[in-house]
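S.K.: 3D, please:
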Amino acid sequence: MKQYLDLVKHVLDNGTYSGDRTGTGTYSVFGYQVRYPAMPFPILTTKSVSFKNIVGEALWFLTGKTNVEQLRALTHGPDSTKRTIWDDNYENQARALGYHSGELGPVYGKQWRCFGGRDQLFDVIEKLKNNPRDRRMVVSAWNPGELDYMALPPCHLLFQFYSINNVLSIQWYQRSQDVFLGKPYNLSSYALILNIVAKMVGMEVGEVICSSGDTHIYSNHVEQCKEQLSREPRALPTLVMPEFPTGTTEDQLKFLETLTANDFKLVGYNPHPAIKAKMAI
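M.R.: Reported below is the predicted structural model:
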């Protein structure tokens, strides 16, 4: 994961300090692209990252869910009381908007699966099966008419598939990139999404590409970033996934609804210890 460490170093060396919405302050650059091979599985090894949280959130998005209690069940089990990475957003932003019982408003999953009545995920899977060189295989979470009703407007707001010679790649655009806490999750989440969709359509996986706008390190994450830079990256693990049915796209998406984080495994993941940091809200 040298690509990620190069990003960290670039922002530390070239970032400009400014205040931000959270009151924490960031060092930021504008515009950065990183390319990662999708296999072996791209996940940070210079600190431990929770694969279970990554899988739970990705499934939550892909199945169109918007409630933090649904995320908790997907990640930790139906009877769990463990916190999720969206609990702070629910407690601080969603409640202020008047939501209750874990609801977050029309966030990512709702837009991916019902943007103005269109199931964007279904559409791109159908295109990959029937016209894999289509240049319109885009899923957008940025719905201006519903931004004010979301607990958090989408940071990673758009992704696109690219297929050639039966190899599938994905690129996502991120308007706001938290390099230390957010980027590791985003990277592995989109790598997982790529692997899932490739399995559905019978393709090999290629690259996972991130193009980011405001690319920043929070001022209270600087020392943690430096700690990562002092660590030597380790070998990447192998992703083990369930087999998907070969039926219709409808059947495959119904099967996706039955999965939880426990259905996905990483073999050979041996990261350095976790590095704790507070999320800016």
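S.K.: may I see the buried residues of the strand ranked longest in the chain?
M.R.: Longest strand in the chain, counting residues (DSSP state E): strand 204-218. Buried residues in strand 204-218, counting neighbours by 16 or more other CB atoms under 10 Å, are found at 205-218. Using the backbone N, CA and C atoms, a C-beta is placed for each residue, glycine as well.
S.K.: same deal with stretch 235-252?
M.R.: 236-237, 239, 244, 249, 252.
S.K.: hey, where'd the helices end up in the stretch 1-150 of the chain?
M.R.: Here the stretch 1-150 of the chain has its helices, by DSSP state H, counting those that start in this stretch, at 2-14, 51-62, 68-76, 87-89, 108-113, 120-130.
S.K.: if I average pLDDT within each of these, which one is lowest?
M.R.: Set side by side, the helices of the stretch 1-150 of the chain give their lowest mean pLDDT on helix 87-89, at a mean of 94.
S.K.: figure out how far it is from the centre of its chain.
M.R.: Relative to the centre of its chain, helix 87-89 is centred 16 Å away, using CA atoms, centre = their mean, to the nearest Å.
S.K.: next: stretch 265-281.
M.R.: Using CA atoms, centre = their mean, the offset of stretch 265-281 from its chain centre is 15 Å.
S.K.: quick check: buried residues in it?
M.R.: For stretch 265-281, by 16+ other CB under 10 Å, it's 266, 269, 271-272, 275, 277, 280.
S.K.: nearest spatial neighbour of residue 212, skipping sequence neighbours?
M.R.: residue 177 (3.9 Å; CB to CB, 6 or more residues apart in numbering).
S.K.: helix, strand or coil for that neighbour?
M.R.: State at residue 177, reduced to three classes by DSSP: H, G, I helix; E, B strand; the rest coil: strand.
S.K.: if we can go back for a sec, now for the longest strand of the chain, which elements pack on it?
M.R.: helix 2-14, strand 26-37, strand 167-178, helix 182-201 (3 or more CB pairs under 8 Å, 6 or more residues apart in numbering; DSSP states H and E).
S.K.: what angle separates it from strand 26-37?
M.R.: Put simply, strand 204-218 runs at 170 degrees to strand 26-37, going by axes from the mean of the first three to the mean of the last three CA atoms, to 10 degrees.
S.K.: can you report how many residues lie near residue 50?
M.R.: Residue 50 is flanked by 17 other residues according to other CB atoms under 10 Å.
S.K.: thinking again about what came up before, the longest strand of the chain pairs with which strands, parallel or anti?
M.R.: Based on DSSP bridges, the pairing partners of strand 204-218 within the sheet are strand 26-37 (antiparallel), strand 167-178 (parallel).
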